[in-house]
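1. The sequence and its predicted three-dimensional model are supplied below.
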Amino acid sequence: MRDASPLAVYLNDYQPPAFVVESLELDFDLAAAATEVTTRMAVRRNPEAVEPDAPLRMYGDGVELVSFTVDGAKPAEGLLEQDAEGLLLHGLPEAARLEIVSRCHPEQNTQLEGLYASSGNLCTQCEPEGFRRITFFPDRPDVLTTYRVRLEADRVQYPVLLANGNRVEAGELDGGRHYAVWEDPFLKPSYLFALVAGDLACQRDTFTTMSGREVQLELYVEAHNADRCDHALASLKRAMRFDEEAFGREYDLDVYMIVAVDDFNMGAMENKGLNLFNAKYVLASPDTATDDDFVAIESVIAHEYFHNWSGNRVTCRDWFQLSLKEGLTVFRDQEFTTDCTLFGVKRIDDVAMLRAFQFPEDAGPLAHPVRPDHYAEINNFYTLTVYEKGAELIRMLRTLIGRETFRRGLDVYFERFDGQAVTTDDFVAVMAEVSGRNLTPFKRWYTQAGTPRVTAATSFDGPGGQARITLTQETPPTPGQEHKEPVVIPMRVAFLDAEGRRITAHQKGGEVQDEWVLELSEGEQTFRFEELSDSPTAISWLRGFSAPVILNANQGVDELAHLLAYDDDAFARWEAAQTLFRRAIRSRIEHDAADTALEAAIEHALAALLRDDAIEPVLLATILQLPPTRELAELFERVDPVRLRNERDDLEKRLYMPLTDAMQQIQPKLDDVDNGAFTAEAMGRRQLRNRLLALRVAARDQAAVPEALAQYQKARSQTMRMGALNAVNELDHEARQVLLADFEKRYRDDPLVLDKYFGLQAGSQVAGGFERLDALLEHPGFRWTNPNRVRAVLGPFMARNERHFHQDDGEGYRRMGGFVEKLDAMNPQTAARLAQPLTRWRKVDTGRGEQMRAELERLAALEVSRDLRDVIERALA
Ligand code: B3K
Ligand code: ZN
C-alpha cells in the first residue's frame, strides 16, 4: 500500500487480457478477524490476446496466499511467481482449472476497500480495484464471468448472508454456523462483486416490470433504522418505472437488494443486484432528513439503479473509460430528477454544482480529460470531470443529434454491447451511426481538458432586418495539454422582444423559428438571421446551459435585467442574475470599490422579482442566492479568499437590506409550509421560506433572529430546523449557541443528524473556529474511521470557513494537512479527496498560497499512500 513513486498506467498500453475466465466459484469462510476464501476458476487462453503464451496475471493486494493448484496439482517450481502486484502464472495450457485458497482480514481493513467490517457487519467495496484485496484474480473490468458464491458464517452474529444474483441454496451447519449459495447468471466484472454478512432488518416491497415480471425489492438496514426506509423504497420504484418509460430499460433479476452501511467511502455502489449504500443515501424520516436529503436519496437510488444497464449490462473496457458508465448514468439520473422537479430548477442546480466544483477542477492542477489517458491512482479519477462534465457531453450529443435519434442510439448501444466491456469511442460511434453525422470532431470533448471560453458578439439591422451573431472559442492550457483545438459547441439562443416574447426569424435557407441551436465548431464563426419579426431587446444565450462553457456575451445591465424579468428559460433567467452578481463582485475586488449604479440596478431588479406573483417559489429562492465563494474565485487569477468571502457577504447584505420589507411581505404566504407534504411544490415553498429567512438575517433584519428561534422551536421537520440553524450559523449571537446546543443534545445518538451538527460548527466563520474544531474532534461521537464524520468536519471547514481555513498565519492549512496525514494512514482514498482544497494554492493570494504549498511539500516529504502522493505531486508539478 505504501508506495513512494506512483507509476502511471497509460491508455495506449491497453492490451486484451491473456486469459478469459469461463466461470468462477468463491467459497467464503467468513469471520471478522480472518476470512478464508477458496477461489475456483476455469480459465482459457484469450484468442484476442497479443502474445500467444503470455502468463496469467492475478492481482492481489494485502491477501495471504494459503495454497494454489492448477488442475488439481501444485504448479511446478518457478511457474508461480509472487510479486508486488500479486501472482503471475506461467506455462499454462490452452485451458485450466485453478484453485486458490487465500486469507484476508476484514476487521483490520480501515481502507474500506475489499472486504471490511462496519458496525459489526461484513461488507465489500470492489470498484475499481477492491476485489484484489479479497482474493487473487485478474481484477480488471474487461474480464467478465459468471459467479457462484457460497457464504458460511456464524448464525447468530451474521444471520443475513447476501451476494449478487439469486439465492439458490441455504442451510444450517454444525457449530452454530450456517451458509447460503448465490448465483448470478449475468456476466460481470469483478468490480461489481459484492457480499454482505450481518444482523440486519429487511424492508420489502415488490415491483412489476413492464413485461409483467414481479421483482422482490429488499432494503437491509440495522433494526433501529427500520422506520426510515419508506422513501428509499418509493424512490427505487419510481426509478424503475422511469427507466422503463423514458429509456425502455427493464430490470433483469428476480430480486433487487440494497444494504445501508455506516462506514462507506462514497455515496453508493451499483454491484449487480446488491447495491451497497452509504446509510446517508438511504435513511430518511421527516424528523431526521431535510428536503435536500430526500432529493439526494432519490437521485442516488436512481443513479445506482440506472447503472444496471449503463455500467453493469454494458461495462467499461478499462478504467480510462469510466465516463462511459458514469457520465451516461449521471445524465440518466439528472433526467429522472428533472422529471420529479419543477420548472427547470434541477438544471440550474446541476449547473451551479458544475461551476462551483468542476470548472475549478478543470482550471486547476488536477485538470484531466473526461477520458484521461494516464493515471497513477484510478481512485483519484472518480471526479466531477468524469461524472458531471461527462454527463454534459452526453447532453450535448443529444442536443446535436436530436432527442429521438439519441434515444434510438441508446437502444442500439444497449443491445449491441450487452454483456460486453466497451469504450467511449464505441458509444460515440453508435450515435454517429444512427444520426448519420460525423462525430469525430465532437470526440475532442473526451480527450481535451479545460473549460472552453466562448465570446459572443451581435449586430442588428432594424425591424424586419437582419441579425448577425459571431461566436469565438478558446480553451486555456491545462497540465500536459498546452495547445487546444476548437470543440463542437451547441449554443442554444433566442431573441426576446420588449415584452419578453420570442422573436421569429430564419437562417439562410432555413425555416422560420424562434429558437436555434448554433453549432460552433471552429475558432470563430458567424451566423446570420433574416427577417426578424421585431427588433430584439435581449438575447437569451446558452439556453438550458446547452454546453459546459464560460460565456462572455458582453450584455448590458438593462439587457440582463430584462432577461431576469422575462426569460422563459429558467436557466437563462437565473444566469442573468448570476451575471449581475458576478459583475458586482468583480468590480469590488478589481476596483476596490462597489459599482453603486450597478448594485442599485441589481437591487431594483431583485425588488421587481420579489413583487412578481407569477414566479415559482423554488425558482425565486434559487435566483435570490449569490454564487458561492469557490465559484467566484474562478473570476480571478489569484484572490484573497477571506476578502472575497467578505465582499460576497457584504454585497448580499447591501442588496437585501433595502428589500427586507418586501421579503417580509412574502413570508405570510409561506406560513403553512411545514406541512409534511413531499411534493416538489411543497419542497420549493419550504426552500423559499428558508432562503428568505437566511437573507433577512444576513441583511440584519432585527425581526429575523427571533423568527429563526421560533421556527426552530416550532419545527416539525428537519428541513425547517436546519433552515433556522443555517440562517443563524454565521451570527456571533447567543441564539446560535442556544440552538446548536439544543440540536446536539437532541441528536447526539443519531449519527446522520449529528453529522449536520458537525458541519454547522466546522463551517461557521464565527470567531473561535479552531476551538470549535478541537471540541468536535473531542466529541464522543467523532471517529476517524467513519468517512461521513470526518468529511462532515473537514469538508465544510475547508469549503465554507474561509476565515479560519485561510487564516493568514497558515494555521488552517497546517491543521488540515495534519488531519490529512493522520487519515491517510487509515483511509488513503478519503485522505486524497480531502487534500484537494490544499491543491488550489495557485488561486490563492501569494502569501497564503505559499503557505498552502509549504504544507503540501511537508506532506510530500513523508511516506504517504499512493493515492495522496498522486494528488500532491500533480498539485506541486
Ligand atoms: N461506481 C461507484 C463509485 C465507485 C468509486 C470508487 N472509488 C458509485 C457510482 O458512481 O455510482
Ligand atoms: Zn455511478
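-> Thanks, I have the structure now. Ligands and ions are numbered 1, 2, ... in the order given.
2. Write out the residues of this structure neighbouring ligand 2.
-> Contacts of the chain with ligand 2, taken as CB under 5 Å from the ion, map to 326, 329. Heads up, the C-betas are built off the backbone N, CA and C, glycines and all.
3. What does residue 82 show for phi and psi?
-> Phi and psi for residue 82, reported as degrees, to the nearest 10, are phi -110, psi 130.
4. Show me the beta-bridge partners of it.
-> Bridge pairing for residue 82 (DSSP bridges) gives the partners residue 87.
5. Also residue 473?
-> residue 454.
6. what about it, how many neighbours?
-> Residues near residue 473, counting by other CB atoms under 10 Å, number 23.
7. let's number from 130 now, not from 1
-> All set: I'll call the first residue 130, so the last point we hit is now residue 602.
8. In the stretch 880-1006 of the chain, what residue comes closest to ligand 1?
-> Going by CB to the nearest ligand atom, ligand 1 is nearest to residue 958 of the stretch 880-1006 of the chain, at 6.1 Å.
9. I figured that residue hits residue 507, correct?
-> No. Between residue 958 and residue 507 there is no contact under CB atoms under 8 Å: 10.5 Å.
10. Give the ranges of residues in this structure that sit below the confidence cut-off.
-> Residue ranges of the chain with pLDDT under 70: 130-135, 471-472, 591-593.
11. Distance-wise, check residue 710 relative to ligand 2.
-> Using CB to the ion, to the nearest Å, residue 710 is found at 32 Å from ligand 2.
12. in which helix or strand would I find that residue?
-> Taking DSSP states H and E as the criterion, residue 710 maps to helix 699-720.
13. okay but residue 854 is in contact with residue 869, surely?
-> Yes. If you go by CB under 8 Å, residue 854 and residue 869 touch, sitting 7.0 Å apart.
14. between the two, which one's more packed in?
-> A count of neighbours by other CB under 10 Å puts residue 854 above the other of residue 854 and residue 869, at 22 against 18.
15. can you pull the contacts of that one?
-> By CB atoms under 8 Å, 6 or more residues apart in numbering, the contact set of residue 854 is 841, 868-869, 872, 885, 889.
16. Now which of these would you call buried?
-> Among these, those scoring as buried are 841, 868-869, 872, 885, 889 (criterion: 16 or more other CB atoms under 10 Å).
17. Quick check: helices, which of those are part of them?
-> 841, 868-869, 872, 885, 889 (DSSP state H).
18. Need those residues in a markdown table (columns: distance to ligand 1).
-> Formatted as a markdown table, those follow (distance: CB to the nearest ligand atom, whole Å):
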| residue | distance to ligand 1 |
| --- | --- |
| 841 | 35 |
| 868 | 35 |
| 869 | 33 |
| 872 | 31 |
| 885 | 23 |
| 889 | 27 |
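19. What's the separation between the residue of the stretch 480-629 of the chain found nearest ligand 2 and ligand 1?
-> Using CB to the ion, the closest approach of the stretch 480-629 of the chain to ligand 2 is made by residue 516 at 7.1 Å. To ligand 1, residue 516 is 7 Å away according to CB to the nearest ligand atom, to the nearest Å.
20. next one: residue 319
-> 13 Å.
21. three-state assignment of the residue of the stretch 880-1006 of the chain closest to ligand 1?
-> Applying DSSP: H, G, I helix; E, B strand; the rest coil to residue 958 yields a three-state assignment of helix.
22. what's the answer for residue 340, then?
-> The three-state label given to residue 340 by three-state DSSP is coil.
23. burial count for the residue nearest to it when sequence neighbours are not counted?
-> The shortest distance from residue 340 to any residue other than its chain neighbours is 6.2 Å, reached at residue 379 (CB to CB, 6 or more residues apart in numbering). The number of residues packed near residue 379 is 15, by other CB under 10 Å.
24. again with residue 539
-> Residue 539 has 23 nearby residues by other CB under 10 Å.
25. I'd say it and residue 435 touch.
-> No. At 11.6 Å, residue 539 does not count as touching residue 435 under the criterion of CB under 8 Å.
26. what about the closest residue to ligand 1 within the stretch 630-779 of the chain, how many neighbours?
-> Proximity of the stretch 630-779 of the chain to ligand 1 (CB to the nearest ligand atom) peaks at residue 677, 19.2 Å away. The tally of other residues near residue 677 (other CB under 10 Å) stands at 25.
27. so it makes contact with residue 519?
-> No. In this structure, residue 677 is not within contact of residue 519 by CB under 8 Å, at 10.2 Å.
28. picking that back up, now for the buried ones among the contacts of residue 854: which two are most distant?
-> 841 and 885 (13.1 Å; CB to CB).
29. Quick check: neighbours shared by residue 854 and residue 869?
-> residue 889.
30. What parts of this structure come near ligand 1?
-> The interface of the chain toward ligand 1, taken as CB under 6 Å from any ligand atom, is made up of 256-257, 395, 397-399, 432-433, 436, 455, 508, 511.
31. packing partners for the helix holding residue 710?
-> Packing contacts for helix 699-720, counted by 3 or more CB pairs under 8 Å, 6 or more residues apart in numbering; DSSP states H and E, involve helix 474-482, helix 686-695, helix 725-740, helix 746-752, helix 770-785.
32. Okay, now stretch 714-732: how far is its last residue from its first?
-> End-to-end distance of stretch 714-732 (CA to CA, to the nearest Å): 14 Å.
33. can you pull the buried residues of stretch 891-901?
-> Buried-residue list, stretch 891-901, by 16+ other CB under 10 Å: 891-895, 898, 901.
34. oh, I was asking about stretch 776-789
-> 776-778, 780-781, 783-785, 788-789.
35. mind saving the C-alpha coords of the helix or strand hosting residue 488 as CSV?
-> Secondary structure from DSSP H and E places residue 488 in helix 488-492. What follows is helix 488-492, C-alpha atoms only, in CSV (Å, rounded to 0.1, in the frame of the first residue of the first chain):
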residue,chain,number,x,y,z
PHE,A,488,-14.9,24.3,-13.5
PRO,A,489,-12.3,24.9,-10.8
GLU,A,490,-11.1,21.3,-11.2
ASP,A,491,-10.8,21.9,-15.0
ALA,A,492,-8.8,25.1,-14.4
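36. For that helix, give me every contacting residue.
-> Looking at what lies outside helix 488-492 - CB under 8 Å, 6+ apart - the contacts are 496, 512-514, 518, 578-580, 605, 607, 679, 759-760, 762-763, 969, 972.
37. try 10 Å this time
-> 483, 495-499, 512-514, 517-518, 578-581, 604-605, 607, 677-679, 759-760, 762-763, 965, 968-969, 971-972 (CB atoms under 10 Å, 6 or more residues apart in numbering).
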